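J.: what follows is a predicted protein model with its sequence.
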Amino acid sequence: MALRRVKNYINGEWVESKTKEYGDIWCPATGDKIGEVPFSTAEDIDKAVQAAKKAYWEWRCTPPLTRARYFFKLKDLFENAFEDIARTLVTEEGKTLDESRGEVRRMIENVEHATGVTTLMTGYNFEDIAQGIDCTAERQPLGVFGVIAPFNFPAMVPWWFMPYAVVAGNTYVVKPSEQVPMTQTRIFEVIHECGFPEGVINMVHGAKDAVNGLLYHPDIKGISFVGQSSTARYVYKACGETGKRVQSLGGAKNFVLVMPDAEIDRNMPSMITSFYGCAGERCLSGSVLVPVGDVYKELRDKFVAAAKALKVGNGLQEGIQMGPVVSKKHKEKVLGYIEKGIKEGAKLILDGRDIKVDGHPNGYYIGPTIFDEVHPDMTIAKEEIFGPVVSIVHRKNLDEGIKLIESSEYGNAACLYTTNGKTAREFKYRVVASMMGINLGIAAPMSFFPFGGAKGSFFGDIKGHGREVFQFFTDTKVVIQRWT
Amino acid sequence: MMGLTTFGAIMGFAAEMAGKTEEVYKTFVSKAGTQAVREVLQGLAEEEGKNHALMVKARRENVTEMILEPVTGLQQEDYEIALKMPEVMEDAGLLKAALMLEERGKKFFQDASSKVPLPEVGRIFRKAARKKEENLARLQGLALSQTLGNNS
């Protein structure tokens, strides 16, 4: 099979990068090389930004409903390409078909939500703020925005931001993760088919140079970023230095508390999905399982049994419940955490290191892994592992459980299983995390609610999608008038 | 045993079942001896074609990433039928086979409707099961009238 070399999409055309440096694209399920991605230069970024800047004024003057109609059309085209996009995603990222379809669905839901621009972007007004003087607050687009996307949700994440920015009248540059550039490339083929005016939506592949090219470009008004916290902090600082708007979503270490009154059997599928969905490579994944009180032994034993039953394999095969991790390098990183857990004295009660998947000896598979008797000070209880590794930390009561969560530097998500409303209220009231699940293991806000964390999981003010995102992509201009 | 353990596996099986059943009914149509039986089988073939499209659409539009939880208690083998397809088949044989297929479909949709944690898909499955029940009544009526016709 001929290897595919992906191209940039600038000013409505597919163009080669100016770079001489290319990275490899791998299929995590098989370990085969499937393509190459250009490490685009600052010059490539500039070309995309200039195209977006040139397209801006005409697009900004286009009525919002006309802009929304492009997205109505795009939604239909996405429905037609749905399965193809999902399969491309599985091939380069490794997640299961169901997970990929779920991701593409969420991408489309953002398109659907963005088409509500005519109500979501409106301003407000007041007559007679002083004698004969009226005041209006109008939302206006700002110019060129950009997104720097992570590897774990290659279809969805750019769409937490881009449709809202563009439907609001801005123009845009997308930089997909260099590990998974094919999904967004397939998506841009659909954008091309949709016929947006040239320069309104652009895509540049690449790594560090492309990221810095966006962060330091003087014509970019704002950046949306999703990735690990160290980079999120870097992006936040760079945007501060260059005077850009920024919403920078970082990593996570999510705790899942299970109370003694929780319905264990009923909720076990949900808990398993929380920890092992997307092979643990999601910022909403459960990472630390916290049995509270005397539920400990029952929960541990049932959780281990359910984890053992998971079907691990090539995500393209229908019925597989967990795929590989994204890359060889990432697999080594996760295995390193398992080694560290053993070294620091945690008890490895389910070892996924030696998993064999028939027909795929070179795939980047790690089976479900569970550590028991984990101390809160151990590395595996504190750092983001981003893999199918669970740490069990037993706490005596709710208060101890909440204090454990408080000790984390992250505050992305937290979940609680209980049948007691008072306990649930106390949990959601006290815990500092921005996405909370009660009797639910993946607290993923839909497109019409904001997505983003707290503490070291988020740097900025306005989160991804939801109603508020229109504030990020617009300036509120106040006009005060006297005609009397 | 092949477990239908994910949302995608259930929907994929439902779509595949509809596609295969459509093909079987198309073959039956070509073998039917009377106009009445041919028309009913033709209708069932068309219905399965629509069912296939409906299942693919339902899978695409209802997949909810937040609750992609493992499913237990559904085995593919419980809904598989190995139909023997002789060269020549009497109408009575065709109707008997159609009854088996519709019964199988009804059972699958009834069982699966309680396993999928998505109200819209549950509704689609329950509606499909009801339709199968109607088809069964129609086929039984036709089979009875065929028997009476042959006896008179």
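T.: Cool, the structure landed.
J.: please make it C-alpha for all contacts and neighbour counts, starting now.
T.: Fine.
J.: where in chain B is pLDDT low?
T.: Residue ranges of chain B with pLDDT under 70: B:1, B:83-88, B:149-152.
J.: can you list the residues of it near chain A?
T.: Contact residues, chain B versus chain A (CA under 8 Å from any CA of the partner chain): B:4-9, B:12, B:60-61, B:63-71.
J.: just the ones of those in helices?
T.: Using DSSP state H, B:7, B:8, B:9, B:12, B:60, B:61 are the members of these that sit in helices.
J.: touching, the third one and residue A:321? I think so.
T.: No. Because the distance of 10.1 Å does not satisfy CA atoms under 8 Å, residue B:9 is recorded as not touching residue A:321.
J.: neighbour count winner among these two?
T.: Set side by side, residue B:9 and residue A:321 show more neighbours around residue A:321, with 28 against 21, by other CA atoms under 10 Å in any protein chain shown.
J.: ok, the more buried one to residue A:174 distance?
T.: 31 Å (CA to CA, to the nearest Å).
J.: repeat for residue A:482
T.: Here residue A:482 is placed at a distance of 43 Å from residue A:174 (CA to CA).
J.: can you check residue A:56 too?
T.: Distance from residue A:56 to residue A:174, by CA to CA: 16 Å.
J.: is the lengthiest helix in chain A anywhere near chain B?
T.: The longest helix of chain A (DSSP H) is helix A:64-93. Yes. Judged by CA under 8 Å from any CA, helix A:64-93 comes into contact with chain B at A:79, A:82, A:83.
J.: next: stretch A:319-327.
T.: Yes. Using CA under 8 Å from any CA, stretch A:319-327 reaches chain B at A:319, A:320, A:321.
J.: show me what contacts the second one?
T.: When the contact criterion is CA atoms under 8 Å, 6 or more residues apart in numbering or on different chains, the partners of residue A:320 are A:96, A:311, A:312, A:313, A:314, B:6.
J.: which one of these is nearest residue A:454?
T.: For these, the minimum distance to residue A:454 (CA to CA) is 29.0 Å, reached by residue A:96.
J.: and that closest one, how many neighbours?
T.: Neighbours of residue A:96 (other CA under 10 Å): 31.
J.: so how far is chain B from the residue nearest in space to the middle of chain A?
T.: The residue lying closest to the centre of chain A (CA atoms, centre = their mean) is residue A:157, at 4.8 Å. As defined by CA to the nearest CA, to the nearest Å, residue A:157 lies at a distance of 14 Å from chain B.
J.: mind checking the backbone torsions on that residue?
T.: In terms of degrees, to the nearest 10, the main-chain angles of residue A:157 are phi -60, psi -50.
J.: got it, and residue A:134?
T.: phi -110, psi 150.
J.: how many neighbours does residue 31 have?
T.: Going with chain A. Residue A:31 has 19 nearby residues by other CA under 10 Å.
J.: my question was about chain B, not that one.
T.: 17.
J.: measure it to chain A for me?
T.: 35 Å.
J.: quick one: contacts for residue B:40?
T.: Taking CA under 8 Å, 6+ apart, we find residue B:40 in contact with residue B:139.
J.: apart from its chain neighbours, what residue comes closest to the closest residue to chain A within chain B?
T.: Residue nearest to chain A within chain B (CA to the nearest CA): residue B:65, separated by 4.5 Å. For residue B:65, ignoring the flanking residues on the chain, the nearest one in space by CA to CA, 6 or more residues apart in numbering or on different chains is residue A:102 at 4.5 Å.
J.: could you look up the SS state of the one you found?
T.: Assigned with DSSP: H, G, I helix; E, B strand; the rest coil, residue A:102 falls in the helix class.
J.: show me which residues of the lengthiest helix in chain B are buried.
T.: In terms of residue count, the longest helix belonging to chain B (DSSP H) is helix B:119-151. Of all the residues in helix B:119-151, those buried under the rule 16 or more other CA atoms under 10 Å in any protein chain shown are B:121-122, B:124-129, B:131-133, B:135-136, B:139-140, B:142-143, B:146.
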